[in-house]
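1. I would like the atomic coordinates for the input below:
(one chain, ligands or ions: 1)
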Amino acid sequence: MKKQNQTSIESEERQKALELHWHALTPQEVLTSVNSSLETGLSPEEVQRRLGLFGPNALPEKKPRSIVWVFLKQFQSPLIYLLFLASGVAFSLGHRTDSLVILTIVFINALIGTFQEGRAQKSMEALRHLTAIKVRVLRGGLEAVVDARELVSGDILVLGGGDAMGADARLLEVAAFEVSEAALTGESVPVPKEVSSCPPDTLLADRRNMVYAGTHVTAGRGRAVVVATGFGTEVGKIATLTTTAEEPKTPLEQKMTQFGRTIIWAASLMFVLVMAIGFLRGLPFSEILMVAISQVVSVIPEGLPVAMTVALAMGMQRMARRGAIVRRLVAVETLGSTNVICTDKTGTLTRNEMTVTSIFLPEGRQMEMTGSGYEPEGKILEDGSEIDPRKDEALLNLFRAGVLCNDARLIPPNDQGSHWRVLGDPTEGSLLTMALKGGVPIEDTQRKFPRLAEIPFDSVSKMMAVQVQDEKGSLIFLKGAPEAVLELVLDEQMKKRALTAGEKMAAQALRLLAFAVVDGFDADLGKGFEALRGRARFLGLVGQFDPPRPEVQEAVRRCRDAGILPIMVTGDHKLTGLAVARILGIAREGDIALDGRELAELSEAQLQDQLDRISVFARVHPAQKLRIVNAWQARKAVVAMTGDGVNDAPALAKADVGVAMGITGTEVAKEASKIVITDDNFATIVHAVEEGRLVYRNLQKLILYLVGTGISEIVVLFAALLLGYPLPLAAVQILWINLVADGTMTLPLVMDPPEGSEMRSPPIPRGEPILTRQLFKRLSLMAIAMALSTFGYYAYRLSLGIPFAQVQTETFTVLAVCQWFNALNCRSERQSAFQGLFRNRWIIGGLVIGNLFHIAVIYAPPLNHVFHTVPLPFGQVIAVGLTASLVLWVEEIRKYFVRRSDIASVVARRL
Ligand code: ATP
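-> A predicted model of the protein is given here:
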């Protein structure tokens, strides 16, 4: 009874939540209705209770396929239908055992496929979790980042530019807050938001005090309380029950489909040919039909589709382990073809750990600041001698501006081993350290000058402003890129001097910030920076050092070896960018840097003319990133571009591989990207490229292997048919080799670890067929070697008058052993098969299983009957093994010559 009562109270609560016009209520009324508080948010226990009541904040997702479904899907292929037909034919002709064997082989094949797909599915699931939308909330008085799935009504959202809205919410506080609602209303221009209430009948698109799931914040800051989640949200209401769309086929998948079609044609042709020859030779119809069907089976690389899924999934998993989370499958292969990487500087090439090392004051004074990291220990030196900042009004003004125009917090070490840390933007954190070194207390200063209003920093204006209260009225402090801040300063002389000083600092790889103050301005900041033009008084320049990441130099070198051009695209000063690019090897002799203004002045043709030489694009407007991507794509380059801000989204989406930053990246940037790197590190992108290449190479190895097997079998059978020999292999033997022996080697080949040369060859040309001409030549050589050893052995043994059943068993074994040797061959284009053999344990496992299976087929009496085999004497097994090894030696010799010509060409290049 009690439980029933409680349920009805809960459902009333739920009903109420669905019916209220949140936009018509005041913020306080909304907070009261959802029983929450702006200061503390909900308690974690209350969140759990509400999650239990309303369920997770999610629309229904596609259910993972059950194992039975995956298993049954393995039978859904024309090839399998053909095998069923073959089994039926065999049965009706009285070959009951053959019929059963075919069914069993099909069954084992389906089991192998299910196992592989199960693995692939699992790793995809794990990745999906990593790409979930994250939101910042206030819970129990503390800010936390949680999965949007865990939001409940009453949660307080802490919102900033680039955040994706995870639920519908009523705004409580805003500062220059704008939201793009294109996804919901189709309105492409961002909508400014406010907190005041609207009339109850206001249309959705005009509700200025609401934010909705599916939209995102383009600028400013705000807080809002969640009022609807999951199905209760506006998108939830319009979302039909259909599940998310399937991902479109990637070019590689399309290439594979194309390849599959060619093979089907070849197989049909083969079928007709075998039937015709058999008929002409007067072979019994049933026998020739079975052989024709087995031939078809041998031409078709049945393991390929599943292997491709596995290869891509495993590639994604390996990339995730190295810090690159793939959001779209296509990225795995596109990465392998990437030949230009446009990368941000701060945080990606450098550590994003700022330390102020240089100061310039309006009177032309230049100072150095010592110390490292965020620890507030250091001296200020002017002309080499220490000065006391407490007595220096100009310095104190600069430090004060740094403290007030700031949203970061410094955290002292909490134990012996740890360091001072920054919560928030490192650029701002370093200003707090600077102030402490200069003896300006942070909290006291902030208390003394309470903030009245602000214009948050954005990468377009490259500035930030705060309006604070002082005894006389209000003051506005500005900080930002020198060119931007100095634009607002009236004193032309000062402007010039400061810009020249800035250039000197920038050439030492320092990141620049200029400071200014506006006093006697009593209007509010709502009119933006324009209203401040000509009224700002320059306070000084600050140069920050951001150490390059130590691993980047090596990553840049690897890029060059791999035929990939690294390009820096930075919001920083041109000279800062160029100096850092030189240190890292991105800018080389003859390379140039271009800034946003210069780029804007270039025509498309002029840009194309210079493109090769530009290794640094500086002070670029985010929209210009798109132009850079377009310019390179016009040259058919495959471009990877990094980004983090909301304005980077168009360029990220347009790039062939958009790479979002996992730490500093906004949700919008992540949504627009194909991969997210969790450590924001350039070296991780290069690792991901390597993995992308590996996936492609491994698939090529597999094709080489599977098609090689098929062709060798065809040649052997055709040779027998044409030369009038009895058929060297029974139909079930061919099926066994194709489905079981090959099946056990598919996974090992796609799991092959990198051999180390992946980044020493040029990118994989886009549009290159998967079976390249070079690969085809290699394949032909292998197939000829295998066919020669198998047929030669067969003909020789027959000529000795040995019983046919034994010769057939031996021939069957020669061909099976050929496959094993060939799997080892396929692993590398130039390295010996013996090199690094034990690095791939899968291949050892595959060989052991394959051998055990084969031993069973030859030596287990019940299987002898089924597979038309007889036990072989041990000595003969050795002879068989040696004969089959021909393909290994042929490849070893070829590889030896390839390596020798490699060395010769390196020597020739050196000379
Ligand atoms: P990258 O694109 O390579 O990461 P970046 O991060 O330096 O470069 P932005 O963050 O857009 O690019 O910064 C551009 C410029 O804006 C900086 O050089 C600096 O002068 C200024 N700036 C950066 N952060 C702030 C901030 N929090 N407040 C004011 N100005 C800033």
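2. ok, the residue nearest to I583 when sequence neighbours are not counted - contacts?
-> Residue nearest to I583 in three dimensions, not counting chain neighbours: P548, with 5.6 Å by CB to CB, 6 or more residues apart in numbering. Any C-beta I mention is one placed from the backbone N, CA and C, and that applies to glycine too. When contacts are counted by CB atoms under 8 Å, 6 or more residues apart in numbering, P548 is found next to 349-351, 580, 583-584.
3. what pairs with P548 across the strands?
-> According to DSSP bridges, the partner residues bridging P548 are T350.
4. separation between it and L349?
-> P548 sits 6 Å away from L349, taking CB to CB, to the nearest Å as the criterion.
5. find residues that contact each of these two.
-> 580, 584.
6. now stretch 823-843: mean pLDDT?
-> Here the mean pLDDT over stretch 823-843 is 89, rounded to a whole number.
7. in that stretch, which residues are buried?
-> Within stretch 823-843, the residues that count as buried by 16 or more other CB atoms under 10 Å are 823-829, 832-833, 836, 840, 842-843.
8. first-to-last residue distance for that stretch?
-> End-to-end span of stretch 823-843 (CA to CA, to the nearest Å): 8 Å.
9. run through who's touching it.
-> The contact list for stretch 823-843 (CB under 8 Å, 6+ apart) reads 701-702, 704-705, 708, 745, 747-749, 751-753, 755, 757, 778, 782, 821, 844, 846-847, 887-888, 891-892, 895-896, 898-899, 902.
10. now do stretch 205-212
-> Taking CB under 8 Å, 6+ apart as the criterion, the residues outside stretch 205-212 that touch it are 22-23, 159, 165, 168-171, 179, 181, 184-185, 187, 191-198, 204, 217, 222, 224, 233-235.
11. how about stretch 421-431?
-> For stretch 421-431, using CB under 8 Å, 6+ apart, the contacting residues are 352-356, 374, 402-403, 406-411, 413, 432, 457, 511, 513, 542, 544, 546.
12. let's see it at 6 Å
-> Contacts with stretch 421-431, where a contact means CB atoms under 6 Å, 6 or more residues apart in numbering, come from 352-356, 374, 402, 406-409, 411, 544.
13. same check, this time on stretch 779-786
-> By CB under 6 Å, 6+ apart, the surrounding residues in contact with stretch 779-786 are 704, 707-708, 711-712, 818, 822, 886-887, 890.
14. thinking again about what came up before, among the contacts of stretch 205-212, which ones are in helices?
-> The helices in this structure, assigned by DSSP state H, contain 184-185, 234-235 from the contacts of stretch 205-212.
15. a helix runs through G658, doesn't it?
-> No. Under DSSP: H, G, I helix; E, B strand; the rest coil, G658 sits outside any helix and is assigned strand.
16. residues near it, how many?
-> Counted by other CB atoms under 10 Å, the residues lying close to G658 total 29.
17. looking at the contacts of stretch 779-786, spot the one nearest L788.
-> L886 (6.9 Å; CB to CB).
18. quickly note the distance from the nearest residue to T26 once chain neighbours are set aside to R170.
-> Closest residue to T26 apart from its sequence neighbours, by CB to CB, 6+ apart: S197 at 5.6 Å. Counting by CB to CB, the separation of S197 from R170 is 9 Å.
19. ok, the two, which is more surrounded?
-> Comparing S197 with R170 by neighbour count (other CB under 10 Å), the higher total belongs to R170, at 26 against 20.
20. quick one: stretch 334-353 to chain centroid distance?
-> 13 Å (CA atoms, centre = their mean, to the nearest Å).
21. right, I'll leave it there.
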